[in-house]
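Enquirer: I would like to see how this sequence folds:
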Amino acid sequence: MAKNSKLTTAILVLIPVAVGINYAGKLFASALKLPLWLDSIGTMLSAVLAGPIVGAISGAINNIIYGLTTDPVSFVYALTSIGIGVSVGFLAKGKMFNNAFRTLLSGLIVALVATVISVPINVVFWGGQTGNVWGDALFAFLQSKNVGIWVSSFFDEIVVDLVDKVLCVFITFGIFKALPKTLVYTFKGEE
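Expert: Numbering: from 1, shown residues only. Here you go, the predicted structure:
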């Protein structure tokens, strides 16, 4: 959270805004049948602004709400969203959102974190698949070549997460850079 570790009014407003951004991104991707999720921009933005705990809370709440309203599968991926929020929060603290190159590296790291958390969920609940057309096509191909389920599931997930998380990180970076400095300082606990 902010330096003072309090749930400020700004943070209490940020969390539902972040959830709304996530929800809208996922609905947008689903409605257009995009082979992406676009459901972590709000999580990332809240983590960059207010830290890893707020990012994790925003991500988890998004999965719970999306699971209750649209797709029950989303519940189990709250773990992935928490991992994304925490990793982005720490990357932001490490000044990894200061320029485009560092942002790209952050996107790659977040994609790897999301993949490592999601693969066991995919294997346990869905036989290794993600439900994403790109990833599942690769999964089917790898399975047809007798590649193990864990490796197939890893590549199924990473092929989508690389594009999705790097894109979400850059969208977050753009939004963050466009925000007024006074608003950013509000979340950082600075004057």
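Enquirer: from here on, contacts and neighbour counts on C-alpha atoms
Expert: Noted.
Enquirer: and the nearest residue to V116 once chain neighbours are set aside, helix, strand or coil?
Expert: Of all residues not flanking V116 in the chain, F154 sits nearest, at 7.7 Å (CA to CA, 6 or more residues apart in numbering). Here F154 is helix, with the state taken from DSSP: H, G, I helix; E, B strand; the rest coil.
Enquirer: in contact with F154, which residues are there?
Expert: Residues near F154 by CA atoms under 8 Å, 6 or more residues apart in numbering: 115-116, 119.
Enquirer: could you redo the last one with a cut-off of 10 Å?
Expert: 112, 115-116, 118-120, 122-123, 128-130, 135, 139, 148 (CA atoms under 10 Å, 6 or more residues apart in numbering).
Enquirer: show the buried residues in those residues.
Expert: 112, 115-116, 118-120, 122-123, 128-130, 135, 139 (16 or more other CA atoms under 10 Å).
Enquirer: which stretches of this protein have low pLDDT?
Expert: 1-5, 189-191 (pLDDT under 70).
Enquirer: centre-most residue in it?
Expert: By CA atoms, centre = their mean, the chain has its centre lying nearest to S40, at 3.4 Å.
Enquirer: burial check on the nearest residue to it once chain neighbours are set aside, number of neighbours?
Expert: Nearest non-adjacent residue to S40, counting by CA to CA, 6+ apart: N22, 5.4 Å away. Residues lying near N22 (other CA atoms under 10 Å) number 27.
Enquirer: N22 is in contact with I64, isn't it?
Expert: No. At 11.8 Å, N22 does not count as touching I64 under the criterion of CA atoms under 10 Å.
Enquirer: ok, the residue nearest to the centre of the chain - contacts?
Expert: Going by CA under 10 Å, 6+ apart, the list of residues near S40 reads 18-19, 21-23, 25-26, 46, 55, 58-59, 62, 80-81, 84-85, 164-165, 168-169, 172.
Enquirer: let's see it at 8 Å
Expert: 22, 25, 59, 81, 84, 165, 168.
Enquirer: which two from the residues you listed end up farthest apart in space?
Expert: The largest separation in the contacts of S40, counting by CA to CA, is between G25 and I84 at 15.5 Å.
Enquirer: and these two? Which one has more around it.
Expert: I84 (28 against 20).
Enquirer: contact partners of the host helix or strand of that one?
Expert: Element membership for I84, per DSSP states H and E: helix 78-93. Contacting residues not belonging to helix 78-93 are listed as 40, 43-44, 46-48, 50-64, 97, 106, 110, 113-114, 117-118 [CA under 8 Å, 6+ apart].
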